[in-house]
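Undergrad: A predicted structure for the sequence below; I have some questions about it.
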Amino acid sequence: MKKIFVFAFAVALSQILFAQDSTLKKLEELLTAYTNVGRFNGSVLVA
């Protein structure tokens, strides 16, 4: 039973970590696009 719980936790954790990488990439693409068209000139704080 403990092995199943550890496995499920590891799978869930990996999904969260990969989702954060994808979100960071999308955010960077969005801000780069805004900068290229002159709609953004500043900094971003992501918490």
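TA: All right, it came through fine. Quick caveat: nothing in here was measured; it's all calculated off a predicted structure.
Undergrad: pass me the low-pLDDT residue ranges in this protein, would you?
TA: In the predicted model of the chain, residues 13, 17, 19-20 satisfy pLDDT under 70.
Undergrad: what is the neighbour count of residue 34?
TA: The criterion is other CB atoms under 10 Å. On that basis, residue 34 has 13 neighbouring residues. Bear in mind the C-beta positions are built from the backbone N, C-alpha and C, glycine included.
Undergrad: so how far is whatever helix or strand it lives in from its chain's centroid?
TA: Element membership for residue 34 (DSSP states H and E) is helix 2-36. The chain centroid and the centroid of helix 2-36 are separated by 4 Å, computed with CA atoms, centre = their mean, to the nearest Å.
Undergrad: burial count for residue 9?
TA: Per other CB under 10 Å, the neighbour tally for residue 9 reads 10.
Undergrad: for the one 3 residues further on, same thing?
TA: One way to gauge burial is a neighbour count; for residue 12, by other CB under 10 Å, it gives 10.
Undergrad: now swap in residue 14 and tell me
TA: Under the neighbour criterion other CB under 10 Å, residue 14 is assigned a count of 10.
Undergrad: ok, it to residue 27 distance?
TA: Distance of residue 14 to residue 27, given as CB to CB, to the nearest Å: 21 Å.
Undergrad: next: residue 42.
TA: Counting by CB to CB, the gap from residue 42 to residue 27 is 14 Å.
Undergrad: more crowded one of the two?
TA: residue 27 (12 against 7).
Undergrad: hmm, that one is touching residue 46, no?
TA: Yes: shown here, residue 27 and residue 46 form a contact pair, counting by CB atoms under 8 Å, at 6.9 Å.
Undergrad: before we move on, back to that, now the helix holding residue 34: buried residues?
TA: Residues of helix 2-36 classed as buried by neighbour count (16 or more other CB atoms under 10 Å): none.
Undergrad: give me the three-state assignment for residue 40.
TA: Following DSSP: H, G, I helix; E, B strand; the rest coil, we place residue 40 in the coil state.
Undergrad: right, I'll call it a day here.
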